[in-house]
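Engineer: Fold the following for me, if possible:
(one chain, ligands or ions: 1)
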Amino acid sequence: MSTLPNRVEHQLTDKGYVPVYTTAVVEQPWASYSETDHTTWATLFARQQDVLPQRASRTFLDNLARMAMHGDAIPKFDELNIALRKATGWELVGVEGLLPELTFFDHLANRRFPVTWWIRKPEQLDYLAEPDLFHDLFGHVPLLMEPVFADYMQAYGRGGVKAHGIGGDALANLTRLYWYTVEFGLIREPEGLRIYGSGIVSSKGESIHCLESQAPNRIGFDLRRIMRTRYRIDTFQKTYFVIDSFEQLIDATRPDFAPIYAELAMQDSIPAGDVLESDQVFNRGSGEGWAHDGDV
Ligand SMILES: [Fe+2]
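Structural biologist: Predicted structure coming up:
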């Protein structure tokens with residue numbers, strides 16, 4: 001008798017939400033999605049279709065259309081994989097929730113992208129404490145269709161395996177790079193700043209906030225600067241970093257990071273909202289609404 005994959009979520013304790021990790025790769029139990037699950041997908045999809053034109057990167061929007069991901073029902077991983085394998089050789093694998101770091105890096109290093117199979121509940125449309133199917137699929141997968149970005153993701157996975165072996169702050173440095181690019185990155189396009197980070201494109205509120213609010217900093221990409229910068233996990237970001245192109249990302253990950261980690265170990269981390277004299281500033285944040293503690 002086969003059993004359905006588990007839905008593994010953070011647990012609420014007296015210390016707040018505590019992540020729970022799982023390592024299983026599972027078949028997407030597509031037939032088990034409820035009407036409510038499909039409606040949640042449809043609602044989130046439609047909201048982002050309204051918000052993202054003129055805000056998301058052209059590359060993201062073009063690839064979203066190419067994937068034929070639509071809002072009628074939760075997509076089937078197997079069907080998306082046909083287009084994805086053909087475009088860049090990546091494939092989606094179903095997972096039950098958050099993965100331990102090394103497991104996650106190993107998937108990326110082998111061009112497998114782990115996608116949480118379950119979707120948030122209707123009362124969590126605007127926020128949940130961990131990635132779900134909408135974040136993973138809608139947020140991350142369109143850019144995996146783009147060859148340069150797809151290579152960057154693999155390079156990141158390989159870098160993660162190495163950083164895990166180095167220990168110390170290497171992983172924290174590398175995680176910040178992922179956070180400020182893959183999750184919360186902005187890109188400069190001819191028409192203006194646009195979104196490519198998955199944490200933003202999968203959030204209606206942050207899609208508007210990151211570009212239109214005066215509160216956050218918008219600063220030019222700088223590898224070492226990002227690797228030192230702390231971030232927010234419970235509020236909108238205080239700072240967004242802007243790349244000029246996806247080539248800039250892959251070029252930045254070409255050098256061996258080991259000497260960079262050693263160099264950064266001698267320097268303090270930078271609070272999430274600080275602006276440095278050396279920064280290329282697109283917007284100096286007003287800081288309105290910022291929490292004064294809680295950077296991680
Ligand atoms: Fe993510």
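
Engineer: The lowest-mean-pLDDT helix or strand in the chain packs against which elements?
Structural biologist: When each helix and strand of the chain is scored by mean pLDDT, DSSP states H and E, strand 16-18 comes last, with a mean of 82. For strand 16-18, the elements it packs on are strand 11-13, judged by 3 or more CB pairs under 8 Å, 6 or more residues apart in numbering; DSSP states H and E. Backbone N, C-alpha and C define where each C-beta goes, glycine included.

Engineer: could you point out which element follows the lengthiest helix in the chain?
Structural biologist: Counting by DSSP state H, the longest helix found in the chain is helix 147-166. On the C-terminal side of helix 147-166, the closest following helix or strand by DSSP states H and E is helix 170-178.

Engineer: which residues are contacting that following helix?
Structural biologist: Outside of helix 170-178, the residues within contact range by CB atoms under 8 Å, 6 or more residues apart in numbering are 101, 156, 159-160, 163-164, 223, 226-231, 257-258, 260-261, 264.

Engineer: quick one: the closest residue to D295 other than its chain neighbours from A272, how far?
Structural biologist: Spatial nearest neighbour of D295, chain neighbours left out: R230 (3.9 Å); criterion: CB to CB, 6 or more residues apart in numbering. For R230, the distance to A272 equals 5 Å [CB to CB, to the nearest Å].

Engineer: Quickly note the distance from the residue nearest to the spatial centre of the chain to G199.
Structural biologist: What sits nearest the mean C-alpha location of the chain, by CA atoms, centre = their mean, is E183, with 2.7 Å. Using CB to CB, E183 is found at 4 Å from G199.

Engineer: Which stretches in the stretch 101-250 of the chain count as strands?
Structural biologist: In the stretch 101-250 of the chain, the strands defined using DSSP state E, counting those that start in this stretch lie at 112-116, 186-189, 192-195, 217-220, 239-243.

Engineer: Of all these, which one comes closest to T59?
Structural biologist: strand 186-189 (7.9 Å; CB to CB).

Engineer: Identify each buried residue in the closest one, please.
Structural biologist: 186-188 (16 or more other CB atoms under 10 Å).

Engineer: and if you look at stretch 111-121?
Structural biologist: For stretch 111-121, using 16+ other CB under 10 Å, the buried residues are 111-120.

Engineer: Which of those residues sits closest to W41?
Structural biologist: Nearest to W41 among these, with distances taken as CB to CB, is I119, at 6.0 Å.

Engineer: That's all I had, so thanks and see you.
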